Every structure is written in C-alpha cells, then in structure tokens.
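A.B. asks: have a look; sequence and predicted model below, questions after that.
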Amino acid sequence: MTKVGYGASGPGTPAAARAVLPRPDQDRDLETGSPHDEGDDAEMSTRTDRSEPVGTGTRAPAAAWAGYAACGWGLIFAAISFYWGSGGRTLLDTIGGSIERMALAGDTSIYVAVWVTGLLKMVGAVLALALVQPWGRRLPRRLVALLGWVAAIFLTLYGGLLVLGDALVAVGVVKQSQPIVWKPLWWHLWVWDMSFFIWGLLFAVALWSFRRSVRRPR
C-alpha cells in the first residue's frame, strides 16, 4: 500500500510520483527555453563564428605586405615624377640623354610626359592597395585581378628588359657609338630601371595574396 505524504506538490500526491514529475518552472523552461540555455547557445555561436576558416576573406594572407610595399613604391616614384614635372632639377643628371636636355631646356612636352607618368604611378599605387585591402575585395574581382596581372607582367618585363640592356652595356657586351656616361648608366641599372622590375615583382606577390584572400573554402 503506497504511503501518501505531504509536500510542495500538495497533499495527496505520492512521494515517488513527486520525484519524477517535472516542476512547474521546468515546464516553462521546456515550453519557452530558459534564458541560461539561450545564453549558452549564443556563446557557442559566437565561438563558432570566430573559428571560421581564413579562406572566407576576413583576414588578409601573410603575403599582403607586398601590396603595401608596392603602394609605397609607387607613391615614392610618383612624388619624384611630380617634383621633376614642377621644375625640380635634383637628380636630373642621373637620367641623362635627351630627357635631361629637354628638361633643362624647359621643353613643355617633357613636363607633360612626366606628370602623366606620375599620375599612372599613383593609379598603380591605388591598385596595389586594392589587392590587399578589404575594400578591394568589394570591387569586381575579375577586373581587379586583370589589372593586377597587366601591371605585374608589364612592369616585370619592361623593367627586366631595361636592366638587361643596361647590364650588357656596363659589361661591354653591347657597344655604343658614343662614349658611355657612367653616372646615368649606373643609376638606370640599379635605381630607375630596376625600380620597374622590383615593382612588377611586388605586384605579382600582391596579386597572389589577392587570389588567396577571395578564395572561398569548398
């Protein structure tokens, strides 16, 4: 014969039954969900979001430094072009040839050409930044990649061929009809022409970084 006791569930309810029956507050938890459980779910969701793979593009790859270097590289040489385009004459003797003579003579065409090249270098600096900045991934991906490829290939080939020609002249493989002016030659070999070659390589690395950043995990 079951013993009847008195407890929180009211008189007349067997003690064994009270032990297995859910409490009223448990019923409410089952129907609406307890705030503690919701907090746990939210915390777990936050942890899951933070552990998403890098391939989603939320964090730039390690090679992104090349994009910043290419941007700075372009800005430096653009500033030099603007300086010459504004009438500056420092380091003009390191250019040599007809360009130096036209600049010293005040030829308008050379100043216009220098300003155009300076603006193109500014555009290249912005493009390099777009390859590694988050706002660059909001631009049309194929267009940015195409411009990056054009810049990388053109600058690398253009600078590489110029450096090769300078080196061949410097070692005497290529003979010139006029005596060599060594100061402009060394500056073109190690600074002006080499700068295009290095800039192209930086663009190539930045483009590789861009392609990794926009790649989605499969």
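C.D. replies: Great, that's in hand.
A.B. asks: low-confidence ranges in the protein?
C.D. replies: For the chain, applying pLDDT under 70 flags the ranges 1-62, 214-218.
A.B. asks: what segments of it are helices?
C.D. replies: Using DSSP state H, the helices of the chain run over 15-20, 24-32, 35-50, 65-85, 97-104, 108-130, 141-170, 182-187, 193-214.
A.B. asks: now those in TSV, with distance to residue 176?
C.D. replies: Where C-beta positions appear, they are placed from N, C-alpha and C, glycine not excepted. Shown next, in TSV, are the helices of the chain (distance: least, CB to CB, whole Å):
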stretch	distance to residue 176
helix 15-20	103
helix 24-32	90
helix 35-50	63
helix 65-85	25
helix 97-104	11
helix 108-130	23
helix 141-170	6
helix 182-187	10
helix 193-214	16
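A.B. asks: the closest residue to residue 165 other than its chain neighbours and residue 197, how far apart?
C.D. replies: Spatially, and ignoring its direct neighbours in sequence, residue 165 is nearest to residue 174 (7.1 Å; CB to CB, 6 or more residues apart in numbering). As defined by CB to CB, to the nearest Å, residue 174 lies at a distance of 18 Å from residue 197.
A.B. asks: more neighbours: these two, which one.
C.D. replies: The residue with more neighbours, out of residue 174 and residue 197, is residue 197; 19 against 12, by other CB atoms under 10 Å.
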